[in-house]
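>>> can you look at this prediction? I've put the sequence above it.
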Amino acid sequence: MTDRRVVVFPSSAELGPALAELVSSRAEKVLGQGGSRFSLGLSGGSLVSMLSKELPALPNLDCSRWLVGFCDERVVPFDDPESTYGLYKSQLFPKLNIPKEHILAINHSLPVEECAEDYAHKLKQTFPDDQIPMFDMLLLGMGPDGHTCSLFPDHPILQETMKTVAPISDSPKPPPCRVTMTFPVVNAARCVVFVSTGGSKAPVLKQVLEGGVTPALPAACVSPSQGELLWLVDEPAAAALTLSVERPGPGAKL
Ligand SMILES: O=C(O)[C@H](O)[C@@H](O)[C@H](O)[C@H](O)COP(=O)(O)O
């Protein structure tokens, strides 16, 4: 059973710096324990602006041994405002010293099926010793329907067990063509961190964390088999929760 922590912050103004500190401290830990790199999976949504503001604000952050991939991606050109890679490329990457060749982007010019295969191949090459690519940390968001990555409720790819990356050409949320890590990859990660803020997430957060919905929503199926699971949320998102949560004081380390 995954050790799950639910950590509530007054608002995203307090959550953002704590998230950046968490990512940085886990990177230091992995690299300090002899790891040759720190592998991090990014998601889109509000994480883009939060990370772009808070990571560069950390003093002396050295990302030269970070390896960055994407938990899911929209199959659109990088200069399309819908491209998650494109957003990070303009907002975050110029502010960090991640070597360009350590950023795993999709090949958006391929048809969606081939794009998924190509991205799966890149993961295989990047994690040659892992049967399933094992990221040190994945950062995830959750939609109001309970989706995470591009794993949407009731979609057949929720059952995928063979592929590490799946194509989707009928996403209920536009754009329709996407590629996404599958549950086997998400649940192989050493640490998964969800970030969810705002009162519009309160009902779905309660369903995901406290159960009661059958079949379980995609975000509720994230349960790293050997890793940690953290939910970082703000008070408005946590408003309906009755389970016990952590409320760290200012500057507390996670
Ligand atoms: O590809 C997408 O459609 C989005 O990236 C989406 O999956 C997002 O991550 C969630 O909806 C959470 O969004 P927020 O971070 O804004 O809550």
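Sure thing, it's come through.
>>> every contact and neighbour count from this point should use C-alpha atoms.
Noted.
>>> from residue 220, how far out is residue 190?
Noted for residue 190: a distance of 17 Å to residue 220, by C-alpha to C-alpha, to the nearest Å.
>>> got a list of what the residue in the stretch 151-254 of the chain that the ligand sits nearest to touches?
Proximity of the stretch 151-254 of the chain to the ligand (C-alpha to the nearest ligand atom) peaks at residue 196, 5.4 Å away. For residue 196, the contacting residues are 141, 142, 231, 232, 233, 234, 237, by C-alpha atoms under 8 Å, 6 or more residues apart in numbering.
>>> neighbour count, distance to residue 47 and secondary structure added to those residues, as JSON lines?
As requested, the contacts of residue 196 are arranged in JSON lines below (neighbours: other C-alpha atoms under 10 Å; distance: C-alpha to C-alpha, whole Å; DSSP: H, G, I helix; E, B strand; the rest coil):
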{"residue": "141", "neighbour count": "22", "distance to residue 47": "7", "secondary structure": "coil"}
{"residue": "142", "neighbour count": "24", "distance to residue 47": "11", "secondary structure": "coil"}
{"residue": "231", "neighbour count": "20", "distance to residue 47": "13", "secondary structure": "strand"}
{"residue": "232", "neighbour count": "23", "distance to residue 47": "12", "secondary structure": "strand"}
{"residue": "233", "neighbour count": "24", "distance to residue 47": "12", "secondary structure": "strand"}
{"residue": "234", "neighbour count": "25", "distance to residue 47": "14", "secondary structure": "strand"}
{"residue": "237", "neighbour count": "23", "distance to residue 47": "15", "secondary structure": "helix"}
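>>> and the strands in this protein?
Secondary structure of the chain, counting by DSSP state E: strands at 3-9, 38-42, 66-70, 72-74, 137-140, 165-168, 178-181, 191-196, 228-234.
>>> I figured residue 168 hits residue 111, correct?
No. Residue 168 sits out of contact with residue 111 when judged by C-alpha atoms under 8 Å, with a separation of 10.9 Å.
>>> how about the residues of the stretch 1-150 of the chain that lie near the ligand?
Applying C-alpha under 6 Å from any ligand atom, we find that the stretch 1-150 of the chain lies next to the ligand at 43, 44, 45, 46, 47, 141, 142, 143, 148, 149.
>>> report the separation between the first one and residue 143.
Taking C-alpha to C-alpha as the measure, residue 43 and residue 143 are separated by 12 Å.
>>> looking at those two, which has the bigger crowd around it?
residue 43 (24 against 19; other C-alpha atoms under 10 Å).
>>> you'd agree the more buried one is up against residue 149?
Yes. Contact criterion C-alpha under 8 Å: residue 43 and residue 149 qualify, at 6.9 Å.
>>> overlap of the contact sets of those two?
With C-alpha under 8 Å, 6+ apart as the test, residue 43 and residue 149 both reach 71, 72, 140, 141.
>>> so the residue of the stretch 151-254 of the chain closest to the ligand bridges to which residues?
residue 233 (DSSP bridges).
>>> read off the pLDDT value for it.
pLDDT for residue 196: 98.
>>> same deal with the one 5 residues further on?
Each residue has a pLDDT score; the one for residue 201 is 98.
>>> what is the nearest of the residues of the stretch 1-150 of the chain next to the ligand to residue 21?
Closest approach between these and residue 21, by C-alpha to C-alpha: residue 47, at 14.3 Å.
>>> what is the neighbour count of the closest one?
Around residue 47 there are 20 residues (other C-alpha under 10 Å).
>>> ok, now residue 26?
Residues contacting residue 26 under the criterion other C-alpha under 10 Å number 17.
>>> nearest residue to residue 77 in space, please, no chain neighbours.
Spatial nearest neighbour of residue 77, excluding adjacent residues (C-alpha to C-alpha, 6 or more residues apart in numbering): residue 108 at 5.8 Å.
>>> what's the neighbour count on the one you found?
Neighbour count for residue 108, taken as other C-alpha under 10 Å: 19.
>>> is it in contact with residue 79, as I believe?
No. At 10.8 Å, residue 108 does not count as touching residue 79 under the criterion of C-alpha under 8 Å.
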